[in-house]
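# fold the stuff below for me.
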Amino acid sequence: MEKQAQNVHLKIVFFISFLLSTFYGLAEEKTKFFLIDENEKSYSLTTFDLSTKSLYGVDRKITLYNLMLNDYRRVNNQDYQYVKFKEPPLILFSVLPDLDGNQDWKEINLDSIKDKMIDLRYLRHLFSANTLDLPDQILRNETKYFNDYQVIVKKGNKYLVSKNCLLQFYVISSRPEPFANVYCTINIKQTPISILNFEKIYKSVYPNDIFPLYTMGESDKLVTFQRSRDRREYLSKIFKLGDSTAYQFWTYSDWQKDYRFYEVDRGIDRFVYIPDKGIVGGSFDFYFYFNRKKIPLKYSGFMNNIKQEKVMIADTFK
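This next block holds a predicted model:
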């Protein structure tokens with residue numbers, strides 16, 4: 001009887017392993033890859049490393065790749081044309097740490113994935129599709145991609161591919177306050193407002209509701225938030241970072257998904273931006289909260305980080 005029970009247990013373990021391997025195999029089949037080219041003329045590239053220790057209590061690294069487009073293909077009356085921008089659109093790849101191990105990157109043979117490689121034209125199309133850049137376009141519920149696209153970098157004679165990668169896009173549009181700031185827009189000419197001050201305004205209008213940024217783990221609580229209307233990035237403060245003027249933003253968005261899923265569209269939900277350098281710091285609560293059992297930070301720590309607008313700043317500026 002005991003041997004029979006052991007056999008049943010082994011069969012269950014094998015079946016679960018089979019399902020997991022099939023799932024991850026299918027995920028890998030759908031994954032596409034982009035090779036960072038430091039000599040590319042169509043974009044300016046900046047790279048920054050962030051230490052996660054102070055914010056999330058685990059000593060790991062996040063690498064940001066800012067691709068600032070020198071020209072950009074958009075639609076005008078159904079015709080495609082390349083346009084020079086005063087403020088280059090920003091494509092951000094964020095390589096996040098492997099919290100199940102220590103392998104954030106692995107070596108890869110480009111020939112093995114040549115049919116899954118994408119080019120800059122493909123990224124431009126994704127940019128247009130996710131930033132309201134096309135005529136008659138509606139804002140998507142999710143505009144960011146986690147592990148659908150992996151970044152590849154060349155180190156010596158080897159090519160390395162990321163294990164966990166977030167891809168997102170920003171329009172850079174510096175205009176005074178009367179102009180609209182739709183989701184995925186960085187505007188350094190907004191009037192700054194902090195999360196705590198915005199919370200006071202929210203509570204004055206919706207006194208019985210929970211503030212949308214605080215709905216992490218509170219999906220059953222009453223909240224008034226219209227994703228298609230309300231989501232946007234707010235400028236919080238302006239300060240000096242080295243010799244540069246830095247602009248810190250926070251993203252007005254709720255937590256809408258079940259705890260078993262990544263809240264991907266929160267993305268880099270608080271971030272620091274420097275013109276001509278790109279994004280040089282930020283937070284990735286969506287990733288670390290999902291993996292909260294693997295790090296020492298508790299729920300109260302996450303909430304404190306949000307309320308105090310804590311971010312990681314690139315090691316370059318320390």
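
# just the element for the nearest residue to Asn130 once chain neighbours are set aside, please.
Leaving aside its chain neighbours, Asn130 sits nearest to Thr143 (4.1 Å; criterion: C-beta to C-beta, 6 or more residues apart in numbering). Every C-beta, even on glycine, is put in place using the N, C-alpha and C of the backbone. Using DSSP states H and E, Thr143 maps to neither a helix nor a strand.

# got the contact list for Thr143?
When contacts are counted by C-beta atoms under 8 Å, 6 or more residues apart in numbering, Thr143 touches Asn130, Thr131, Gln168, Phe169, Tyr183, Cys184, Asp265.

# give me the subset of those lying in strands.
Of the positions in these, Gln168, Phe169 sit in strands, assigned by DSSP state E.

# just the contacts of Thr143 now: which is nearest Tyr149?
Checking the contacts of Thr143 against Tyr149 by C-beta to C-beta gives Gln168 as the nearest, at 10.4 Å.

# from Glu142, how far out is that closest one?
Separation of Gln168 from Glu142 (C-beta to C-beta, to the nearest Å): 10 Å.

# what is in contact with those two at once?
Jointly contacting Gln168 and Glu142 under the rule C-beta under 8 Å, 6+ apart is no residue at all.

# per-residue confidence for the spatially closest residue to Thr251 that is not a sequence neighbour?
Closest residue to Thr251 apart from its sequence neighbours, by C-beta to C-beta, 6+ apart: Asp269 at 4.5 Å. Asp269 is assigned 97 on the pLDDT scale.

# please name the residues that touch Asp269.
Applying C-beta under 8 Å, 6+ apart, one finds that Asp269 lies in contact with Trp250, Thr251, Ser253, Gly282, Ser283, Phe284, Asp285, Phe286.

# tell me which element the first one is part of?
Same thing as Trp250. Secondary structure assigned from DSSP H and E places Trp250 in strand 244-252.

# that strand: which residues count as buried?
Neighbour-count burial for strand 244-252 flags Ala246, Tyr247, Gln248, Phe249, Trp250, Thr251, Tyr252 (criterion: 16 or more other C-beta atoms under 10 Å).

# save the residues you listed as JSON lines, and put in distance to Asn197 and pLDDT too.
Output for the buried residues of strand 244-252, formatted as JSON lines (distance: C-beta to C-beta, whole Å; pLDDT from 0 to 100):
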{"residue": "Ala246", "distance to Asn197": "20", "pLDDT": "98"}
{"residue": "Tyr247", "distance to Asn197": "17", "pLDDT": "98"}
{"residue": "Gln248", "distance to Asn197": "14", "pLDDT": "98"}
{"residue": "Phe249", "distance to Asn197": "14", "pLDDT": "98"}
{"residue": "Trp250", "distance to Asn197": "11", "pLDDT": "98"}
{"residue": "Thr251", "distance to Asn197": "16", "pLDDT": "98"}
{"residue": "Tyr252", "distance to Asn197": "13", "pLDDT": "97"}
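
# quick check: mean pLDDT of stretch 61-70?
Averaging pLDDT along stretch 61-70 yields 96.

# relative to the whole chain's centre, how far out is it?
Centroid separation for stretch 61-70 versus its chain: 11 Å, with C-alpha atoms, centre = their mean, to the nearest Å.

# if I look at Val8, what pLDDT would I see?
So Val8 comes in at 44 (pLDDT).

# if we only consider the contacts of Thr143, which is nearest to Leu50?
Nearest to Leu50 out of the contacts of Thr143 is Gln168 (C-beta to C-beta; 15.5 Å).

# name the residue in Gln168 and Glu142 with the higher neighbour count.
Taking neighbours as other C-beta atoms under 10 Å, Gln168 and Glu142 compare with Gln168 leading, 23 against 12.

# list the buried residues in the host helix or strand of Thr46.
Using DSSP H and E, Thr46 sits in strand 43-51. By 16+ other C-beta under 10 Å, the buried positions in strand 43-51 come out as Tyr43, Thr46, Thr47, Phe48, Leu50, Ser51.

# that strand pairs with which strands?
Applying DSSP bridges to the sheet, strand 43-51 is found paired with strand 61-69 (antiparallel).

# now the element after the helix or strand encompassing Ser300, going C-ward?
Using DSSP H and E, Ser300 falls within helix 299-307. Next along the chain after helix 299-307, taking DSSP H and E as the criterion, comes strand 312-313.
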